[in-house]
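Visitor: Sequence first, predicted coordinates after that:
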Amino acid sequence: MGLQEEFEEYAEKAKTLPDTTTNENKLILYGLYKQATVGDVNTTRPGIFNLKDKAKWDAWKAVEGKSKEEAMTDYITKVKQLLEEAAASTS
């Protein structure tokens with residue numbers, strides 16, 4: 001399986017993460033996903049009153065400069081880690 005296919009597989013698995021997944025971890029995944037699929041931030045930072053979108057933009061900006069492949073690999077690793085943590089907490 002190639003990196004792109006594995007990335008897509010884990011993007012689907014990320015949708016099954018439990019509701020207990022922290023916002024911090026969700027933002028990390030969001031930033032890595034955007035970096036892997038779009039590249040560096042290409043929009044202006046949302047305004048001060050748009051907290052959710054601003055946090056998402058900041059998470060994406062934090063990984064700016066990573067290559068598409070590096071972002072995909074980091075995303076896969078993070079999803080695996082969160083799935084393992086979720087499994088451990090339910091057993």
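Guide: Yes, it's here.
Visitor: Test my guess that P46 contacts K54.
Guide: Yes. Using C-beta atoms under 8 Å, P46 is in contact with K54, at 4.6 Å. Quick note: C-beta positions are derived from backbone N, CA and C, even for glycine.
Visitor: low-scoring pLDDT stretches of the chain, where are they?
Guide: Counting by pLDDT under 70, the chain shows low-confidence ranges at 91.
Visitor: which stretches of it form helices?
Guide: Under the criterion DSSP state H, the chain contains helices at 3-14, 23-37, 51-61, 68-90.
Visitor: now these as JSON lines including mean neighbour count?
Guide: Formatted as JSON lines, the helices of the chain follow (neighbours: other C-beta atoms under 10 Å):
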{"stretch": "helix 3-14", "mean neighbour count": "15"}
{"stretch": "helix 23-37", "mean neighbour count": "19"}
{"stretch": "helix 51-61", "mean neighbour count": "16"}
{"stretch": "helix 68-90", "mean neighbour count": "15"}
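Visitor: Please report how far the residue positioned nearest the centre of the chain lies from E5.
Guide: In the chain, the residue lying closest to the centroid (C-alpha atoms, centre = their mean) is L29, at 1.4 Å. Going from L29 to E5 by C-beta to C-beta, to the nearest Å gives 18 Å.
Visitor: Pull up the overlap in contacts between P46 and K54.
Guide: Residues touching both P46 and K54 (C-beta atoms under 8 Å, 6 or more residues apart in numbering): none.
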